[in-house]
Structure formats: structure tokens, C-alpha cells
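S.K.: This is a predicted model, with the sequence first.
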Amino acid sequence: MYAVLVFVAVALLGTHASNVNRHMKLLDMDNHIESKLKPSPQTKRFITITKRPAARSTHVAGSTLELTCEAIAAPAPSVHWFRNNAPVYEYDKESNEIIDTNPSSLGRVSSTLLVSRNEAPCEYTCLIVAGSKTARASTIVYSSDITSELTERSKLVPLAPKILVSYKVFVDVIGSNIVLPCRVKGHPRPIVTWKDNSGNPVKKDPRMKVLRSGELVISSLRWSDMGEFSCRATNLFGSAEANTFVYPARPNDTDG
């Protein structure tokens, strides 16, 4: 089904076709995924984990271990982390505006958990949620002991920004309202800014709004929105950037 999107993009964009094709390849639309989509319209909804933590990981005292999960799903997925089955909140979520993912969307998400302390072997799990479907991947983290004094002190250590959650590719139907995440961590708290597919600050477009959480809301998605949107997080100690390629699909491109 979604292979049609690539064909349409190539046919309509001409000289931009190679750029679209390069980004759409991030969706891993290989024979394995296509085989899930062919039997019937009901198979449009799916989750495929494309990157998962190692089965076992080691945390060195005084350092930060990064655990990363990536997945492609329809509708576009969200990732939730657990430590020994308890939720882990790795970033500040200050926005009161909650917008559900559109059922017509498809995306590839990347989520990273930072483990700065781990006194005993613990199981960390990333839970990917796409509509009513879920998938998970787990790792057991082993590490040396670390004192509580060091742990409390480490909370005040300067930290350059790290972008923990973002979409690499996001597809949705023209006219939809979409949300692109840019979840960050840093100390002092990073400032998050976005640029549109022309490299302009999004504050110049009334259809686009950056929430306090760092998410970018695009209202009434247009064909002209196709391209790479960039999120940048900055504080006194550095900056980080993540790019999301947005593909506005025509409604008939997502049929069966």
C-alpha cells in the first residue's frame, strides 16, 4: 500500500524524486513489510521494530548509558519506557495540549532513554504503541555501584542538549493536523526551535506552532509542506538537531 506513496512522489516531484526516495527508504518498506500489507485493507495497521537495545547492556558508574528503540508503524507510533515495569519519565512534559495521532498517519520514530545510574541489574523495556497495537523490546542493564551522594550531585551537572524523541519520517493525509515530537534533555533546560522545509523559522507561518514540550503542531497539512523540518535544542553547553521528513499524502494515495 505505502509503496504507492513512493511512486506518486517520484512521478510528481521530478527533480526532487531522489531526495524523496532517500527519505522514504527510512520507512524500511521492504518485502517483509509489504507482505503484511497485501492481503486486505485491515492489514494497513502494523508495527515493526527497526532498532532495539542489546539483550544485555552494561552501565559504567559515573557515565550515561543510552538505550535506543526505533520503530515504523501505522498509525505513527509513540514510545514509552519502563524500568522493572514502572514507567520512566526521561523528559519534561509541560504542555497541556494533547493531540492524538491521526489513524491515517504512518511514521518512523526514534526514542532514546538515558540511564545515568543503575544500582542493581534492572530490566528496561521500550513499549511501542500504534493505535490498538503494541510491540516491545527489553534489555537487562548491569552496572557497578554508585553512591546516592554522587547521584544527587549529578543532577546539577551541566548537560549539553540531547534530543531523545523524534520522527525520522512522517506521512499523513493532506488537510490533517499533525504533531512532530522533539523531546529533549539538558541542563540548563534547552530552548527548542523549529525550521520549516524551506529553512525558515516556523513562527513565520500561522499554521505552525511550537508547544512548550518542544512539539511542532502543523495545522491543515498541505502538499507544499513536503520536505525536511528541523528541530534544534540549544543551551549554554551546546546544541543538538533532529530532522523529520514530512510527506503529505493525497487521500487516494492511502486507499487499500
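M.R.: All right, it came through fine. Numbers count the residues shown, from 1 in each chain.

S.K.: Stretch 228-236: which residues count as buried?
M.R.: Buried residues in stretch 228-236, defined by neighbour count with 16 or more other Cβ atoms under 10 Å: 228, 229, 230, 231, 232, 233, 234, 235. Backbone N, C-alpha and C define where each C-beta goes, glycine included.

S.K.: Can you flag which of these belong to helices?
M.R.: Among the buried residues of stretch 228-236, DSSP state H puts none in helices.

S.K.: wait, which of those is closest to residue 163?
M.R.: Nearest to residue 163 among the buried residues of stretch 228-236: residue 233, at 5.8 Å, using Cβ to Cβ.

S.K.: hang on, the closest one packs against residue 240?
M.R.: Yes - the pair residue 233 and residue 240 qualifies as a contact (Cβ atoms under 8 Å) at a distance of 5.1 Å.

S.K.: what sits in contact with each of the two?
M.R.: Common contacts of residue 233 and residue 240 (Cβ atoms under 8 Å, 6 or more residues apart in numbering): 161, 162, 163, 184, 190.

S.K.: Any of those buried? List them.
M.R.: For these, buried by 16+ other Cβ under 10 Å: 161, 162, 163, 184, 190.

S.K.: Neighbouring strands of the one helix or strand the second one maps to in the sheet, and parallel or not?
M.R.: Using DSSP states H and E, residue 162 falls within strand 159-173. According to DSSP bridges, strand 159-173 forms sheet pairs with strand 106-115 (antiparallel), strand 182-187 (antiparallel), strand 238-249 (parallel).

S.K.: ok so, going back, which ones among the buried residues of stretch 228-236 are found in strands?
M.R.: With strands taken from DSSP state E, the overlap with those comprises 228, 229, 230, 231, 232, 233, 234, 235.

S.K.: Mind listing the residues bridging to residue 192?
M.R.: residue 233.

S.K.: gap between it and residue 218?
M.R.: 15 Å (Cβ to Cβ, to the nearest Å).

S.K.: give me the number of residues near residue 140?
M.R.: Using other Cβ atoms under 10 Å, residue 140 has 14 neighbouring residues.

S.K.: Same check on residue 105?
M.R.: Residues near residue 105, counting by other Cβ under 10 Å: 23.

S.K.: my read: it touches residue 167, true?
M.R.: No - counting by Cβ under 8 Å, residue 105 does not reach residue 167; the two are 9.7 Å apart.

S.K.: who touches both of these two?
M.R.: With Cβ under 8 Å, 6+ apart as the test, residue 105 and residue 167 both reach residue 76.

S.K.: before we move on, the earlier item: using TSV, please lay out the shared contacts of residue 233 and residue 240 together with distance to residue 123 and pLDDT.
M.R.: TSV is the format used below for the shared contacts of residue 233 and residue 240 (distance: Cβ to Cβ, whole Å; pLDDT from 0 to 100):
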residue	distance to residue 123	pLDDT
161	28	94
162	23	94
163	25	95
184	26	93
190	30	94
